[in-house]
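1. Provided below are the primary sequence and the corresponding predicted coordinates.
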Amino acid sequence: MSGILVTKATGTTGRHVVTGLAKRAVTVKAGSRNPSFAAQENIVPLAFDWENRSTWAPALDGTDAIYLVKPESDEVTHIVKDFTRLAETSGATKIVLLSEIAAETRADDAHERQVERVIEQSNLDYAILRPNWFMQDFIDDRFFGNLIREDGVIVMTTAGAATSWIDARDIADVAVELLLGEACGRQALTLTGPDALTLDQLADRVSAVAGAVVRPVEETTEAAEARLRSAGAPEQFIEYFSDIGRSIIKGDTALVTDVVASITGHPPRSLDEFLAEHASLLRRAEGV
């Protein structure tokens, strides 16, 4: 196999895809806006910027397969379409797209579904990964990290519905197997953790390792929109965030699948395992 390009190689899943492929003695092109991987055997760091198209062709030169994490842009559909066409003409044959759970249920004009259709309509062998919420969100300050450590809360819109959280490392393991396998099968795969937990159950699990009570805070869709709007969030993001809440309420995220185990040969990591491993990042700040 020729080289494999990993976009957003320093991201939550991308960095694990890079290291997973490198361990399998495959040449990995670790593409990112500011390459930070050290050049080493099997890993070639390179500049790749969705907004700088001059970086695309060099990254695709000699590339057979691609792990694609879509850009955060209002023009995401057009960008991915143009990139995919270039990948086809450059000789790539396979692509694994990181999408999200229940993307197939979103409106036709939703970017996440539009990007999936670009991949589906391409000439590439593909797999679309639709993972549930990442366990890494609990330690990420952009999501729940600060709220847990400083305020002792987890704020979500669920209406009592459950979510089967998944470790990003399991997503990466699936991607590695698909990228190295004979064929992706032109299919979409829903990836989940082993258990679906309600917000109350989730708060109990986090409290057990945080060293203090972490309260579940149920937020209505309307309240979440008002909070984000007052914080200056763009309307497009607010609409996207509301779609996620409605998806949880519908029960889309409560699904538990065996895809991780069937493809990788190992069961997905449990939330309890993840929380225990990262307990030091969940403990309440001193003096709070």
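-> Yep, it's here.
2. Under the pLDDT cut-off, which ranges of this structure? List them.
-> For the chain, the stretches flagged by pLDDT under 70 are 1-2, 38, 285-288.
3. which residues in it form helices?
-> With DSSP state H, the ranges of helices along the chain come out as 14-22, 56-60, 76-90, 111-120, 145-146, 168-180, 199-210, 221-230, 235-250, 259-264, 271-277.
4. Kindly reformat those as a markdown table containing mean neighbour count and distance to E104.
-> No exception for glycine: its C-beta is placed from N, CA and C like everyone else's. Listed next are the helices of the chain as a markdown table, based on neighbours: other CB atoms under 10 Å; distance: least, CB to CB, whole Å:
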| stretch | mean neighbour count | distance to E104 |
| --- | --- | --- |
| helix 14-22 | 23 | 23 |
| helix 56-60 | 18 | 28 |
| helix 76-90 | 18 | 16 |
| helix 111-120 | 19 | 7 |
| helix 145-146 | 14 | 30 |
| helix 168-180 | 23 | 17 |
| helix 199-210 | 19 | 25 |
| helix 221-230 | 14 | 21 |
| helix 235-250 | 16 | 11 |
| helix 259-264 | 17 | 15 |
| helix 271-277 | 17 | 25 |
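5. out of those helices, nearest to G31?
-> Comparing those by their distance to G31 (CB to CB), the top pick is helix 56-60, with 5.2 Å.
6. Show me what the closest one is packed against.
-> helix 76-90 (3 or more CB pairs under 8 Å, 6 or more residues apart in numbering; DSSP states H and E).
7. Now tell me what touches the helix it packs on from outside.
-> 50, 53, 56-57, 60-61, 63, 66, 68, 70-71, 73, 95, 111, 114-115, 118-119, 122-124 (CB atoms under 8 Å, 6 or more residues apart in numbering).
8. repeat that for 7 Å
-> With CB atoms under 7 Å, 6 or more residues apart in numbering as the test, helix 76-90 has contacts from 50, 56-57, 60-61, 63, 66, 70-71, 73, 95, 111, 114-115, 118-119, 122-124.
9. just to revisit the earlier point, so which of the helices of the chain is nearest G193?
-> Between the helices of the chain, helix 271-277 lies closest to G193; by CB to CB that is 6.3 Å.
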